[in-house]
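*Asks:* could you look at this predicted model? Sequence included:
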Amino acid sequence: MSYILYADDHEDMRLMVRAVLSSAGHEVGLVPDGRAVLAAVQEREPDLLLLDVMMPGISGLDACRTVKANPFTARIPILMLTGEGHIESKVEGFEAGADDYLAKPFDPRELQARVNALLRLVRREADRNPTSGLPGGRAIEEEIMRRVRAEQSFAVCYLDIDYFKPFADTFGFAAADAVIRGTGTAVLEAVAAVGDAADFVGHVGGDDFLVVTSLDRAAGVVRESGRRFRDVIGGVVGCDTLERGAFDGIDRDGLPRPFPIAAMSAAIVLMRPHQWVSIGHLGELAADAKRRAKQQGAGTVLVNAV
């Protein structure tokens, strides 16, 4: 049995969806808005989130963005439900991080089918990322909790590729896939070079990677990962483009313009036993530190000492 959390500001819709999914053997939690979603996820992580797009306060889109920005909740699949069936609404939902989209009114059988498909996908891919071969969300969480239970101090290095979307749009799927695979290898090699056998490397998803290491090794691991990542990019775009530091791509408005070569930003969260709150809290710290690192420019390394 799976635990599904559903947010909608219309009580009749909440009760109808719960009846449909409960009849299929799922446990269903109900909340009325996006703010309650975020609080409920912290209390108990669902196997699947159903979010109505339009809700007062924090919308479904904003709640989706927040959940997907946290490396420890990003693995939760999200199905957006909305009364709007226009393609623009669907694109906005997917850009917010949603995994699937269903327009109201819907057939209860289609809702059940989409829910079951998402749950199957998560179970199949939970152990390792298919592109990098690195452990994913649950394995990352287990590694962190092992250190927490042992009352160890540790650092979480949250690595992210800047300008990866325009890079992928310009150079194509095969090149983007090669960069993700190469980045996983580069981080593993960086840890082997300056880290320790006890260090852990995981792939949160997309272009986000994570290293759990000691407080004193974190900065060295991040620097070496960034250096090796530059070699990965150079191997795809060539030396001339790498030296120029930019490539010509198409922006969201369909206009040509130069983009900086993809670089690696990193947020380092230093965690000591007396500072521990929860895995969700750690994820919020890492996501906020990564956001601030990216705001300071490509390739920034930001240390967030709790």
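*Replies:* Right, received. Where do you want to start? Keep in mind it's a predicted model, so treat the numbers as computed, not measured. Numbering: from 1, shown residues only.

*Asks:* where does this structure have low pLDDT?
*Replies:* 84-90, 123-127, 305-306 (pLDDT under 70).

*Asks:* tell me, what residue is most central in it?
*Replies:* Computing the C-alpha centroid of the chain and ranking residues by CA atoms, centre = their mean puts A74 first, at 4.1 Å.

*Asks:* so what's the residue count around the closest residue to that one other than its chain neighbours?
*Replies:* Closest residue to A74 apart from its sequence neighbours, by CB to CB, 6 or more residues apart in numbering: K68 at 5.0 Å. (Glycine included, C-beta is placed from N, CA and C.) K68 has 20 neighbours, counted by other CB atoms under 10 Å.

*Asks:* mind checking the SS state of K68?
*Replies:* Three-state call for K68 (DSSP: H, G, I helix; E, B strand; the rest coil): helix.

*Asks:* quick one, what contacts it?
*Replies:* 74, 78, 96-97 (CB atoms under 8 Å, 6 or more residues apart in numbering).

*Asks:* what are the phi and psi values at P258?
*Replies:* Taking degrees, to the nearest 10, you get phi -80, psi 140 for the backbone angles of P258.

*Asks:* gap between it and G202?
*Replies:* 33 Å (CB to CB, to the nearest Å).

*Asks:* show me which of these two is the more surrounded one.
*Replies:* Taking neighbours as other CB under 10 Å, P258 and G202 compare with G202 leading, 27 against 11.

*Asks:* identify each buried residue in stretch 241-253, please.
*Replies:* Within stretch 241-253, the residues that count as buried by 16 or more other CB atoms under 10 Å are 241-242, 247, 249.

*Asks:* for this structure, which segments are assigned as helices?
*Replies:* Under the criterion DSSP state H, helices of the chain are mapped to 11-23, 34-43, 60-69, 87-95, 108-125, 137-149, 164-171, 173-194, 218-237, 239-244, 279-295.

*Asks:* so what's the residue count around the residue lying closest to G29 once chain neighbours are set aside?
*Replies:* With sequence-adjacent residues excluded and distances taken as CB to CB, 6+ apart, G29 is closest to L5, at 4.6 Å. Around L5 there are 23 other residues, counting by other CB under 10 Å.
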